[in-house]
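1. Quick one: sequence and predicted model below, then my questions.
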Amino acid sequence: MSDAPAVVRSGSRTHWGAQLLIVLGLSLGQSAVYSVVQLLDKATRAPLSQGKSTLNQSLSSREYFDLAYQLLDIVFSLVPVALVLYFVWEAAGRGAWRVPFARLGFDFRRPGRDALYGAGLFLAIGVPSLGLYWAGRALGITTSIIPSGLEQYWWTVPVLIFSAVRHAVLEETIVVGFLMGWLRRLGWGTTATVAASAILRGSYHLYQGIGPFAGNAVMGLVFCWVYRRYGRVMPLVIAHALLDVVAFVGFSLVGKAIGLG
């Protein structure tokens, strides 16, 4: 009997499952695990209402080293997106380089429609998100969220915008476009696929508290519905980027002036 390992046939469920686990392990799945641990850490120290979650933290006390670290963090955090695009390209038969972008709807073929839908989603999600945050704070199940912990430098606002776009691209291509597509390849039904995507989105926000978990899970359900209807992640990327730009940059510019943070 030969001891040589069996060759995994490209296109098998084992193949798709391995790809999915690799991508999640390098990106948002890893973030979800850390978020659970961070939530337990905060909850066992003090009530969640007394906890604080700081996004976009300073990485160095020296201005230009901080800038370098921020840009490096943004660039390297997008490597899993490149891996997703490669896997989609491979699954499509390795045709033109544009194929994975078209398959996910992550391109500029419909700029006007994508921008319109993205802006509509931004308005539909933005106000309820603020309400859920304040409700969570009042109920004591949400930490105080500081969207920007960066010092005020000439590069702060551009970096915050880049960071917002980074989060939008990373989350929507992976937790919606890739995850839903690969779960379908694994034989999952629509309900289970949508639920998995929404729960994962909520899970990697758990470090902020129970309120953000619930709010982001609901946002995930809406985004999955839009993606299933139109087959494009670009409107989701636009909406998500707008949400984060307003939160990050708005807080950075006026947060302290109005008593936040």
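-> That came through, no problem. Numbering: from 1, shown residues only.
2. Could you check the pLDDT of the residue nearest the centre of the chain?
-> Centroid-nearest residue in the chain, with CA atoms, centre = their mean: Glu171, separated by 2.7 Å. Per-residue confidence for Glu171 comes out at a pLDDT of 98.
3. so it makes contact with His240?
-> Yes: with contact defined as CB atoms under 8 Å, Glu171 counts as touching His240 (6.4 Å). Backbone N, C-alpha and C define where each C-beta goes, glycine included.
4. Break down the stretch 101-250 of the chain into its helices, ranges please.
-> When secondary structure is read from DSSP state H, counting those that start in this stretch, the stretch 101-250 of the chain shows helices at 111-139, 156-171, 179-185, 190-203, 210-230, 234-250.
5. Comparing the ones you listed by mean pLDDT, which bottoms out?
-> Looking over the helices of the stretch 101-250 of the chain, mean pLDDT reaches its minimum on helix 111-139, with a mean of 92.
6. Next, the buried residues of that one.
-> 114, 117-118, 121-122, 125, 129, 132-133, 136-137 (16 or more other CB atoms under 10 Å).
7. Which other helices and strands does that helix contact?
-> Based on contacts counted as 3 or more CB pairs under 8 Å, 6 or more residues apart in numbering; DSSP states H and E, the elements that helix 111-139 packs against are helix 210-230, helix 234-250.
8. Which residue ranges of the stretch 1-150 of the chain form strands?
-> 52-54, 144-146 (DSSP state E, counting those that start in this stretch).
9. so of those strands, which one's packed in deepest?
-> Mean neighbour count (mean count of other CB atoms under 10 Å) peaks for strand 144-146 among the strands of the stretch 1-150 of the chain, with a mean of 19.
10. What about Gly231? Give its phi and psi, please.
-> Listed backbone geometry of Gly231 is phi 70, psi 30, with angles given as degrees, to the nearest 10.
11. mind showing which ranges of the stretch 1-150 of the chain have poor pLDDT?
-> 1-11 (pLDDT under 70).
12. let's go with 90 and repeat that
-> Scanning the stretch 1-150 of the chain with the threshold set as pLDDT under 90 gives 1-12, 49, 92-97, 126-134, 137, 148.
13. Straight-line length of stretch 53-70, end to end?
-> The first and last residues of stretch 53-70 sit 18 Å apart, counting by CA to CA, to the nearest Å.
14. now it, how far from the centre of its chain.
-> Taking the mean of its C-alpha atoms, stretch 53-70 sits 20 Å from the chain's own mean (CA atoms, centre = their mean, to the nearest Å).
15. which other residues reach it?
-> Stretch 53-70 is touched from outside by 73, 143-151, 153, 155, 159-160, 163, 207-209, 248, with contacts defined as CB atoms under 8 Å, 6 or more residues apart in numbering.
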